[in-house]
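# Okay, here's the prediction I keep looking at, along with the sequence it came from:
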Amino acid sequence: MPDGAPLLELRGVSKRFGAVQALSDVELQARAGQVTALVGDNGAGKSTLIKTIAGINPMDSGEYLFDGRPVHVTTPQGATALGIATVYQDLALCDNLDVVANLWLGREELGAVRLLDETDMEQEASRVLKRLAVRIPSVRTQVASLSGGQRQSVAIARSMLGEPRMVILDEPTAALGVAQTAQVLDLIRRLREQGLAVVVISHNLADVFAVADTIVVLRLGRQVGVLDAKQTNSEEVVAAITGARAGDEQPTEVTEP
Amino acid sequence: MTVSDLDPRLVGEQPGLAGAWAGFRRRLGQGELGTLPVIVGIAIIWVIFWVANDRFLTPGNLTNLGLQVSAIGTISIGVVLVLLLGEIDLSVGTLSGLAAGVMAVLNVKQGWPGWLAILAGLATGLVIGAFQGFWTTRFRIPAFVVTLAGYLAWLGALLLVLGETGTVNISDGTITGLANTFFIPLDAWLLAVAAIAVYAAVKLWDRRRRVAAGLPVPPMQFLVTRIVVIAVALLAAAAVLAADRGLPLMLVIFVGLVVTVDLLIRRTRFGRHVLAVGGSPEASRRAGIQVDNVRLMVFVLAGTLAAAGGILAAARLFAVNQSSGGADTLLLAIAGPVIGGTSLFGGRGSAYSALLGGLVIGSITNGMNLLGVESSIRFLVTGGVLLLAATVDALARRGRQAAGRA
């Protein structure tokens, strides 16, 4: 297992929506310079967990430690202020704007007489995309003309403009082709090389094994395993996801809401 | 330009003059036509009418044309902003009439000074725009419905304000001066030269900053060509105006508003947010943009600009009557930006489409009047041109889709 104190640590996190116990006693650690994959079947609580981290659904009980200090994150702004950036599955880009405009959307830089400072924004955008080795024809291309992989890359690059310390990616390779998936996985490796703590949600175990250092398995709202990606295999992970592993509670036919 | 090692499948902008020319042709082929089709359209219309009647291209008639398009064109500027959001405002016509009615009644019947009455008229548009914007955003009713209600209500309000006589004649010099003031011919030249100088200075300064920042720049020849084209157009306009009565104040107001709103759309944070909301409200919301505030502000601007257009129309007519802002005002005010290339689906368009589209409609009206054609034919032709323009836009959009730029 990796050494060093985790950047993010969740202890005993529980979250309830009405009659549904979405998360119970979940533990999660994410380290800087490491990719932590969060896997689990539909309804296992992956999305609820990252929404807890991102401040969208504050937890009911449990501890949230960032950089070793207990913090209370109850709003998306609070998570952003800590240095946590989240890239959601639906990318939230404006098709009719170019890459620079999308990267800076909502936090445009102003220059002289309160006009947009396009030169500064374009320069900074080029720098970030170059650092992440994102391939696009031009930073002045409209997002509508980019491929799925390029759009995902732009969405990830956008989260990097705030100089975060941790990035959460929700299904970054869903609906992407082979080459585009490889492009995004490359990008995830570069985020790790730059010392960020990366948390990736994915359904695709091949992608998980391609980039993850640690695999955290959720099942029915509980954390059922933390596996070292180098010392485990797909069978073990699948067993943990489906609950077929010996010593665990028996898999039950529960239809989740 | 390439951000990193180039994927050979990507067609980027190649450096140099040939590359820039190739990029221009590629954009044309992919349906990013910009204002080119409209300018070509205006040229064709002008040639046709000039062949049919050589009085069409005289300075006197072209000055008249400028005055004729200014009032509805001013309303159209606000329509552009609403269209950029992907919404529509059906109230701008009768709202323009009501604002002019309020101004005329306050001035003539209540004895308010002209400038104060003008401000009151503008305030009417502002408040009504704010009301409609509030209603749309607060209750999530489509702007189409809210402004349709407004269309009817403000028509009624105009009749109410005008009272029994139904017509209020305006003689106040401040108000009528809006449409009947001409600066001496020299002013047209000075303004043209100043505009060219500012344009060239801004473009060159921008280019220098980009070079200093290590960003790609278009070839100098392209920039110079642009500046020369703009300069020739402005000087030609100045020559035309100077040869007749001089520079009309009304045209200065209209074109000044077009330039200002263009700057607002392209170079300010607010304008960027308008485009973003028109492109994807959800993405805008997630980016932290106060989507409802942007919408509200756009309706405020549209209402105020509609009022300004109504006031200009009243100043030109020397009166406000029961049909002010009625009849075809609304439809022409919306047709202008659409002919000028602003998309009805939000997120794409320019303030200049109000000017160019207005010129297309205005030229047809003016030319046909000159030829003594019945207004029945005029409407038929204008309708055909609108359909043609919408078709060009649809084909361009298909080109964009084929190129993955929908």
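On my side now, so go ahead. Small disclaimer: the values here were computed from a predicted structure and weren't measured.
# Low-confidence regions, chain B specifically.
For chain B, the stretches with pLDDT under 70 are B:1-17, B:19-20, B:26-33, B:400-406.
# what does the domain assignment say about it?
As given by automatic domain parsing, the domain ranges for chain B are B:34-47+B:54-184+B:246-402, B:185-245.
# between those, which one is nearest to chain A?
Chain A sits nearest to domain B:34-47+B:54-184+B:246-402 of all the domains of chain B, at 3.3 Å, using C-beta to the nearest C-beta. For every residue, glycine as well, the C-beta is placed using N, CA and C.
# now, of the domains of chain B, which is deepest in the fold?
domain B:34-47+B:54-184+B:246-402 (a mean of 20; mean count of other C-beta atoms under 10 Å in any protein chain shown).
# hang on, the earlier thing: output the domains of chain B in a markdown table, with distance to residue A:67 appended to each entry.
Listed next are those as a markdown table, based on distance: least, C-beta to C-beta, whole Å:
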| stretch | distance to residue A:67 |
| --- | --- |
| domain B:34-47+B:54-184+B:246-402 | 24 |
| domain B:185-245 | 35 |
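# And these: which comes nearest residue A:238?
domain B:34-47+B:54-184+B:246-402 (33.6 Å; C-beta to C-beta).
# how about the closest one against chain A, any contact?
Yes - using C-beta under 8 Å from any C-beta of the partner chain, domain B:34-47+B:54-184+B:246-402 reaches chain A at B:263, B:267-269, B:272-273, B:275-276, B:278-280, B:282-284, B:286-289, B:346-348, B:400.
# where does the closest residue in space to residue B:319 that isn't next to it in sequence fall, phi/psi-wise?
Residue nearest to residue B:319 in three dimensions, not counting chain neighbours: residue B:169, with 4.7 Å by C-beta to C-beta, 6 or more residues apart in numbering or on different chains. For residue B:169, the backbone dihedrals (degrees, to the nearest 10) come out as phi -90, psi 140.
# repeat for residue B:49
With angles defined as degrees, to the nearest 10, residue B:49 sits at phi -70, psi -30.
# what do you get for the one 5 residues further on?
With angles defined as degrees, to the nearest 10, residue B:54 sits at phi -70, psi 0.
# I'd like to check what contacts stretch B:242-258. Which residues are they?
The contact list for stretch B:242-258 (C-beta atoms under 8 Å, 6 or more residues apart in numbering or on different chains) reads B:59-60, B:62-63, B:66-67, B:69-71, B:73-74, B:77, B:177-179, B:181-189, B:191, B:238, B:241, B:305, B:308, B:312, B:315-316, B:351-352, B:354-355.
# Keep only those of these that are in helices.
Secondary structure from DSSP state H places B:59-60, B:62-63, B:66-67, B:69-71, B:73-74, B:77, B:177-179, B:185-189, B:191, B:238, B:241, B:305, B:308, B:312, B:315-316, B:352, B:354-355 of the contacts of stretch B:242-258 in helices.
# residues in contact with residue A:98?
Residue A:98 neighbours (C-beta under 8 Å, 6+ apart): A:139, A:140, A:141, A:142, A:143.
# ok, and which of the residues you listed reach chain B?
Applying C-beta under 8 Å from any C-beta to these, one finds that A:139, A:142 fall near chain B.
# okay, the contacts of residue A:98 in JSON lines with neighbour count next?
Shown next, in JSON lines, are these (neighbours: other C-beta atoms under 10 Å in any protein chain shown):
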{"residue": "A:139", "neighbour count": "25"}
{"residue": "A:140", "neighbour count": "17"}
{"residue": "A:141", "neighbour count": "19"}
{"residue": "A:142", "neighbour count": "23"}
{"residue": "A:143", "neighbour count": "25"}
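# which of the contacts of residue A:98 lies closest to chain B?
Checking these one by one against chain B (C-beta to the nearest C-beta), the nearest turns out to be residue A:142, at 5.5 Å.
# Please read off the pLDDT at the closest one from the model.
We have a pLDDT of 87 for residue A:142.
# Need the nearest residue in space to residue A:70, chain neighbours excluded.
Nearest-residue entry for residue A:70: residue A:63, 6.0 Å, with adjacent residues in sequence omitted and distances by C-beta to C-beta, 6+ apart.
# That neighbour looks like it's in a strand, true?
Yes - membership of residue A:63 in a strand is supported by DSSP: H, G, I helix; E, B strand; the rest coil.
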